[in-house]
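Novice: no sequence for this one, just the structure:
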Ligand code: 2AM
Ligand code: CA
């Protein structure tokens with residue numbers, strides 16, 4: 001038994017209400033590392049809410065969140081992105097989520113990703129499968145030409161612009177692409193088959209931890225773009241796809 005998933009989902013749903021009722025004004029937005037890396041009053045408010053509820057219920061677990069002053073990785077605890085897809089949130093594009101992963105001895109054992117706009121709760125426990133609300137998820141293992149492929153691209157990481165565009169061009173010889181703006185939801189969409197795959201050259205652990213488990217539990221292969229296990233300690237690349245598309249992209253990249 002890790003944490004009570006029903007309780008965890010209930011708290012995340014409550015946190016979703018903070019976002020749904022938000023009334024964002026320009027003075028509540030500030031930039032972090034660059035003009036393209038933004039945080040709002042609500043990112044901080046949601047994180048504070050989750051941290052205080054988690055500490056009440058599970059005081060022996062560390063809390064790690066994106067909006068902390070310094071990210072300090074712990075083997076056991078919660079790894080949280082209070083709003084993944086902050087730019088979408090700021091511009092009023094209704095595609096963002098709360099992402100919470102539970103870690104035990106460095107492994108992701110439970111994950112919850114919640115989009116409050118459409119009331120979609122994705123969740124998983126290791127070895128127990130993954131779900132969207134009440135429905136079990138299974139990646140349909142499309143061929144590249146049968147699905148749309150999610151990409152993430154990084155103005156915050158100039159070195160990755162060219163390889164990103166090259167890989168997109170390769171994919172577009174056979175398939176269509178999407179750039180939706182939330183890594184956590186991208187992974188959940190691969191789990192359900194809404195997207196056949198997803199890649200991004202530079203993404204942070206809190207963006208991908210919960211979605212990674214949800215995707216794997218649905219039969220998705222998830223690695224870095226070199227075929228390695230994505231680290232939870234630092235920024236990483238990521239590739240997630242059903243087996244057929246994964247093999248194809250692996251071949252394109254040549255790892
Ligand atoms: P965020 O919304 O939590 O900031 C979109 O491509 C994805 O990139 C989102 O999941 C977004 O997470 C993430 N992202 C935003 N700023 C980033 C940065 N400086 N480095 C890496 N990923 C970032
Ligand atoms: Ca965020």
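Specialist: Happy to help now that I have it. Model, not experiment: these values are computed from the prediction. Ligands and ions are numbered 1, 2, ... in the order given.

Novice: got the residues of the stretch 151-255 of the chain near ligand 1?
Specialist: Within the stretch 151-255 of the chain, the positions lying close to ligand 1 (CB under 6 Å from any ligand atom) are 152, 154, 156, 181-183, 200, 202-204, 207. For glycine as for every other residue, the C-beta is placed from the backbone atoms N, C-alpha and C.

Novice: least confident of those residues?
Specialist: When these are compared by pLDDT, residue 154 scores lowest at 72.

Novice: just checking, it touches residue 163?
Specialist: No: Residue 154 is beyond contact range of residue 163, at 10.4 Å (criterion: CB atoms under 8 Å).

Novice: okay, now the residue nearest to residue 209 when sequence neighbours are not counted: neighbour count?
Specialist: The shortest distance from residue 209 to any non-neighbouring residue, by CB to CB, 6 or more residues apart in numbering, is to residue 101 (3.5 Å). When counting by other CB atoms under 10 Å, one arrives at 28 neighbours for residue 101.

Novice: bridged to residue 101, which residues?
Specialist: residue 79, residue 111 (DSSP bridges).

Novice: surely it meets residue 107?
Specialist: No: in this structure, residue 101 is not within contact of residue 107 by CB under 8 Å, at 10.0 Å.

Novice: and the strands in this structure, which stretches?
Specialist: 29-31, 38-40, 62-65, 77-84, 97-104, 107-115, 120-125, 130-132, 135-136, 148-151, 176-178, 197-203, 221-223, 236-241 (DSSP state E).

Novice: can you flag the weakest of those by average pLDDT?
Specialist: The weakest mean pLDDT among those belongs to strand 38-40, with a mean of 88.

Novice: hmm, back to that, so how far is residue 63 from the residue nearest to residue 209?
Specialist: Residue 101 sits 12 Å away from residue 63 when distances are taken as CB to CB, to the nearest Å.

Novice: for the two, list the residues in contact with both.
Specialist: Residues touching both residue 101 and residue 63 (CB atoms under 8 Å, 6 or more residues apart in numbering): 78, 80.

Novice: quick check, distance from stretch 127-135 to the centre of its chain.
Specialist: Distance of stretch 127-135 from its chain centroid, counting by CA atoms, centre = their mean, to the nearest Å, is 16 Å.
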